[in-house]
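A.B. asks: sequence plus predicted model, see below.
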Amino acid sequence: MYEHCGIIGIFSFENDNVAPMLLMGLEALQHRGQEAWGISVPRAPPFKRIGVLSRSVEREYKRISKMKGKAGIGHVRYSTTAKSTLRNAHPIQIDSHSNEYGFSIAHNGTLERELIIKYLAKEGYSPPQDMTDTELMGLALHINIKKYNSWLRAFEDLNPFLNGSFSLVILTSKGELVAARDERGFRPLCLGWHEGSSSYIIASESCALDILGAKLIRDVEPGEIIKISKEGLKSERFSSQKRHAHCPFEYTYFANPSSRIEGINVYMARKNIGRLLAEIYPLDGDIVVPVPDSARPAALGYSERSGIPFEEGLMKDRYRRKGTWRSFIEPKKREDVVSNILAIKEVVDRKRIILIDDSIIRGTSSRIIVGKKLKSAKEVSLLLTFPPVMYPCYAGIDFPTQKELLAYRVCRGVKDLAEINRRVGRHIGVSFLGYNDVEHLSKGIGMPASELCLSCTTGDYSCLKRKPRFKTRKEMKG
Ligand code: SF4
């Protein structure tokens with residue numbers, strides 16, 4: 001079982017109650033997961049609920065407002081595998097806060113379960129079959145923290161067996177906040193300071209800091225562990241790995257456009273990619289239209305560079321429940337999500353449209369948008385900000401099986417990008433399709449390709465500790 005989510009941890013030096021701040025921060029991270037949410041404060045079991053945070057807060061305000069503490073952690077969940085149950089929601093209590101080494105943990109990422117099980121076997125433990133990757137990691141850390149009484153030693157010892165991605169926050173029974181980021185830095189994690197409450201904040205994205213009026217200090221470094229207690233903040237390294245592998249999907253699709261990740265603003269990265277797409281594919285068209293919402297900055301960039309007018313030809317109905325769902329999160333519901341996208345006929349009718357989208361994973365939503373929503377257009381050309389996704393992701397994004405990837409299904413063995421464009425374009429039903437390539441993706445983001453994870457497009461899994469065994473959706477989702 002694996003998670004791709006948003007996390008937050010807050011420690012106040014002023015004895016302020018951080019629970020309301022945790023809730024506000026989580027709301028700002030809601031785009032990272034809408035299946036479940038939870039918070040954990042000292043001396044209380046984690047409070048967790050299914051669904052989006054705002055609905056639970058409206059329903060259960062009295063209970064939620066009883067959660068108090070000068071330190072706490074929180075989580076919003078989007079499962080990449082395993083069922084969407086309350087049991088699988090985070091934070092997960094690994095051992096009670098009334099025990100000396102008790103802690104709760106909130107994790108964003110994906111870890112290979114088998115390797116942690118191997119570590120636990122070495123330590124003489126045989127965990128239950130249904131334990132999630134987070135629970136297995138938590139159990140191993142619990143063993144280590146009891147053994148070493150040092151979070152640094154706990155992570156150092158376990159790290160060779162942590163294959164995949166983790167950005168995490170831990171709340172200990174002593175009321176300390178611990179944060180760690182895997183040695184490759186797949187998923188984002190940043191550190192901020194909130195002056196009003198004298199609090200350090202650790203969050204998946206800086207948009208959570210902005211909403212709280214906190215200042216971004218820096219990113220948590222890959223391989224770094226931070227401990228915050230009443231003695232202050234202590235930073236150490238559990239790994240000196242130099243080759244980082246930040247996920248470019250965060251820039252093109254997942255993260256909030258206002259966030260800064262590794263010093264790069266997500267909106268600007270998307271816009272740059274759009275400008276570069278206009279250079280690679282200088283198409284002739286009447287209007288540039290984004291697939292809402294993540295492709296909007298790229299469409300603006302394409303329009304700016306090409307001189308072709310930008311138009312909002314497709315709008316998301318934000319007032320219906322699924323209007324804000326991310327379209328590839330739940331495969332069975334993708335058609336529901338796309339049904340909430342409405343075409344503005346006056347804009348798209350009889351036009352030659354240059355449609356910009358972030359990626360094609362399974363192809364379902366692109367086919368519906370082109371074939372149904374834009375059927376009155378004269379012609380549709382589709383440009384993608386992300387290169388062809390041919391291989392599954394085992395570092396935290398939900399496309400875990402190769403069989404479901406459209407580019408793999410229709411282009412098996414094809415290396416030539418022009419041929420891939422032709423085949424996928426034919427399948428989607430557009431007059432032209434153009435994928436971005438790795439060179440322009442990295443240039444658009446402003447980060448060398450050697451600092452990015454590109455496994456899903458190159459098939460090179462050398463950023464992982466060992467090549468994953470490709471799994472079926474049943475194996476991953478249970
Ligand atoms: S495999 Fe793809 S989606 Fe997954 S972390 Fe790497 S670049 Fe991101």
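C.D. replies: Looks like it arrived, so ask away.
A.B. asks: for the strand or helix carrying residue 157, which positions count as buried?
C.D. replies: For residue 157, the host element (DSSP states H and E) is helix 151-158. If you call a residue buried by 16 or more other Cβ atoms under 10 Å, then helix 151-158 has these buried ones: 151, 152, 154, 155, 156, 157, 158. Where you see a C-beta, it was placed from the backbone N, CA and C, and this is true even at glycine.
A.B. asks: what is the burial count for the residue in the stretch 251-400 of the chain positioned nearest to the ligand?
C.D. replies: With Cβ to the nearest ligand atom as the measure, residue 393 is the residue of the stretch 251-400 of the chain nearest to the ligand, at 3.2 Å. Residues contacting residue 393 under the criterion other Cβ atoms under 10 Å number 26.
A.B. asks: same check on residue 45?
C.D. replies: Neighbours of residue 45 using other Cβ under 10 Å come to 12.
A.B. asks: also residue 448?
C.D. replies: Residues near residue 448, counting by other Cβ under 10 Å, number 10.
A.B. asks: what do you get for residue 67?
C.D. replies: 19.
A.B. asks: burial check on the nearest residue to it once chain neighbours are set aside, number of neighbours?
C.D. replies: Nearest residue to residue 67 in three dimensions, chain neighbours excluded: residue 19, at 4.5 Å (Cβ to Cβ, 6 or more residues apart in numbering). Other residues within reach of residue 19, judged by other Cβ under 10 Å, total 23.
A.B. asks: can I assume residue 19 is in contact with residue 71?
C.D. replies: No - the criterion here is Cβ atoms under 8 Å, and residue 19 misses it with residue 71 at 10.2 Å.
A.B. asks: need the residues touching each of those two.
C.D. replies: With contacts taken as Cβ atoms under 8 Å, 6 or more residues apart in numbering, residue 19 and residue 71 have residue 41 as neighbours in common.
A.B. asks: who's in contact with residue 296?
C.D. replies: 270, 290.
A.B. asks: how confident was the prediction at it?
C.D. replies: Here the pLDDT value assigned to residue 296 is 98.
A.B. asks: with residue 320 instead?
C.D. replies: For residue 320, the predicted pLDDT is 58.
A.B. asks: out of the buried residues of helix 151-158, which comes closest to residue 205?
C.D. replies: residue 155 (22.7 Å; Cβ to Cβ).
A.B. asks: which residues sit in contact with the closest one?
C.D. replies: Counted by Cβ under 8 Å, 6+ apart, residue 155 has contacts 141, 144, 180, 225, 238.
A.B. asks: can you count the residues close to the third one?
C.D. replies: Read that as residue 180. Residue 180 is flanked by 29 other residues according to other Cβ under 10 Å.
A.B. asks: ramachandran angles for it?
C.D. replies: phi -150, psi 150 (degrees, to the nearest 10).
A.B. asks: who's it bridged to?
C.D. replies: Beta-bridge partners of residue 180, counted by DSSP bridges, are residue 168, residue 225.
A.B. asks: hmm, residue 221 and it touching each other?
C.D. replies: No - applying Cβ under 8 Å, one finds residue 180 not in contact with residue 221, separated by 10.3 Å.
A.B. asks: quick one: the helices in the stretch 151-300 of the chain, in order.
C.D. replies: Taking DSSP state H, counting those that start in this stretch as the criterion, the stretch 151-300 of the chain contains helices spanning 151-158, 206-212, 248-249, 266-280, 296-306.
A.B. asks: just the stretch 351-478 of the chain next, same as before
C.D. replies: Here the stretch 351-478 of the chain has its helices, by DSSP H, counting those that start in this stretch, at 364-368, 406-411, 417-428, 438-445, 455-458, 473-477.
A.B. asks: could you check the angle helix 266-280 makes with the longest one?
C.D. replies: Helix 417-428 and helix 266-280 are oriented at 110 degrees to each other (axes from the mean of the first three to the mean of the last three Cα atoms, to 10 degrees).
A.B. asks: what comes up buried for helix 417-428?
C.D. replies: Buried residues in helix 417-428 (16+ other Cβ under 10 Å): 417, 420, 421, 422, 423, 424, 425, 427, 428.
A.B. asks: which ones are touching the residue nearest to residue 67?
C.D. replies: Per Cβ under 8 Å, 6+ apart, neighbours of residue 19: 39, 41, 64, 65, 67, 68, 69, 72.
A.B. asks: gap between it and residue 287?
C.D. replies: From residue 19 over to residue 287 the distance is 47 Å, taken as Cβ to Cβ, to the nearest Å.
A.B. asks: show me what contacts the residue of the stretch 51-200 of the chain found nearest the ligand?
C.D. replies: For the stretch 51-200 of the chain, the residue closest to the ligand is residue 186, as judged by Cβ to the nearest ligand atom, at 5.1 Å. Contacts for residue 186 (Cβ under 8 Å, 6+ apart) come out as 109, 164, 165, 245, 246, 247, 395, 396, 453, 463.
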